[in-house]
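Engineer: no sequence on this one, just coordinates:
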């Protein structure tokens, strides 16, 4: 079993587009329901839970019947503006069925630099914590190009974890964790279960070739580094089955654990 270095009270969970979509790019309704069940169950246990979810562009692509992921930034932003509504509605319907309301919060990376924005966001999260609400965060793709080009919400999840003074950041991706090499190309690659010095593993990260999301392992390593700097523990693991969330919180040795 894994022994976290601090008591876990506030958990930020980040899911990428590939974790909530089918191979054809359409939203996986079963995965959304499974995720909402896990979030609600953590909340029932007394944890403060915040979800950072990608998937707006994928949801918009499906709703607009686009055969491929948009390539132009303006097309991605348009798809995101349509998809964000659909994605939020899916989360809201499922969370309500498990006894919780959702709160949609759209942010940009400007929150890192703007002190007033950070203060207001922190106050909002604190108020929501005391209500029957699970916040769902996404980058405001319609007015921001950062996520679309570089991050798939990885960095944003770390920023949210820092603002909320979270104890644990869970980033769910399309592989089991950080490997010594890309396991899809090198059968001898081995998973790294625990990282004590994050600087030593940055070179092991490989970029993604996914047609759905944009966040490769490099962005996750950088996000983990941001979190660890603020004494926030991090686990990167597979989002293939969202039951993994409960096992991570219980302390099972799943994925890659970054000690703070």
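Structural biologist: Thanks, I have it. Source: prediction; values computed, not measured.

Engineer: correct me, but residue 106 touches residue 136?
Structural biologist: No: using C-beta atoms under 8 Å, residue 106 makes no contact with residue 136, being 9.6 Å away. Just so you know, the C-beta spots here come from the backbone N, C-alpha and C atoms, and that holds for glycine as well.

Engineer: how far does stretch 157-174 stretch from start to finish?
Structural biologist: Start-to-end span of stretch 157-174 (C-alpha to C-alpha, to the nearest Å) is 17 Å.

Engineer: Looking at residue 106 and residue 136, which one has more neighbours?
Structural biologist: Taking other C-beta atoms under 10 Å, residue 106 and residue 136 do not tie; residue 136 has more neighbours (21 against 17).

Engineer: That one belongs to a strand?
Structural biologist: Yes: counting by DSSP: H, G, I helix; E, B strand; the rest coil, residue 136 is located in a strand.

Engineer: Who is it paired with across the strands?
Structural biologist: residue 51, residue 104 (DSSP bridges).

Engineer: what sits against it?
Structural biologist: Contacts for residue 136 (C-beta atoms under 8 Å, 6 or more residues apart in numbering) come out as 51, 52, 53, 88, 91, 102, 103, 104, 105.

Engineer: How about residue 140: what's its closest non-neighbour residue?
Structural biologist: Residue nearest to residue 140 in three dimensions, not counting chain neighbours: residue 106, with 4.0 Å by C-beta to C-beta, 6 or more residues apart in numbering.

Engineer: tell me the pLDDT at the one you found?
Structural biologist: pLDDT, residue 106: 90.

Engineer: try residue 62
Structural biologist: With respect to pLDDT, residue 62 has a value of 84.

Engineer: ditto for the one 10 residues further on
Structural biologist: According to the predicted model, the pLDDT of residue 72 comes to 88.

Engineer: Likewise for residue 203?
Structural biologist: 62.

Engineer: measure residue 100 to residue 81 for me?
Structural biologist: Residue 100 is 26 Å from residue 81, where distance means C-beta to C-beta, to the nearest Å.

Engineer: same thing with residue 183?
Structural biologist: 36 Å.

Engineer: Assign a three-state SS to the residue nearest to residue 140, would you?
Structural biologist: Assignment for residue 106 (three-state DSSP): strand.

Engineer: Residue 166 contacts residue 14, doesn't it?
Structural biologist: No: using C-beta under 8 Å, residue 166 makes no contact with residue 14, being 11.1 Å away.

Engineer: Which element is encountered next along the chain beyond the lowest-mean-pLDDT helix or strand in the chain?
Structural biologist: The least trusted helix or strand in the chain, going by mean pLDDT, DSSP states H and E, turns out to be helix 146, with a mean of 53. Elements were assigned by DSSP states H and E; along the chain past helix 146, the next helix or strand is helix 154-163.

Engineer: other SSEs contacting that next one?
Structural biologist: strand 10-15, strand 48-53, helix 115-129, strand 133-139, strand 168-173, helix 217-229 (3 or more C-beta pairs under 8 Å, 6 or more residues apart in numbering; DSSP states H and E).

Engineer: re earlier: which of residue 100 and residue 81 has more residues huddled nearby?
Structural biologist: Higher neighbour count among residue 100 and residue 81: residue 100, with 20 against 16, using other C-beta under 10 Å.

Engineer: Would you confirm that that one contacts residue 40?
Structural biologist: Yes: counting by C-beta under 8 Å, residue 100 sits close enough to residue 40 to count as a contact (5.3 Å).

Engineer: can you list the weak-confidence ranges in the stretch 51-200 of the chain?
Structural biologist: Counting by pLDDT under 70, the stretch 51-200 of the chain has low-confidence residues at 141-152.

Engineer: ok, now with 50
Structural biologist: 148-150 (pLDDT under 50).
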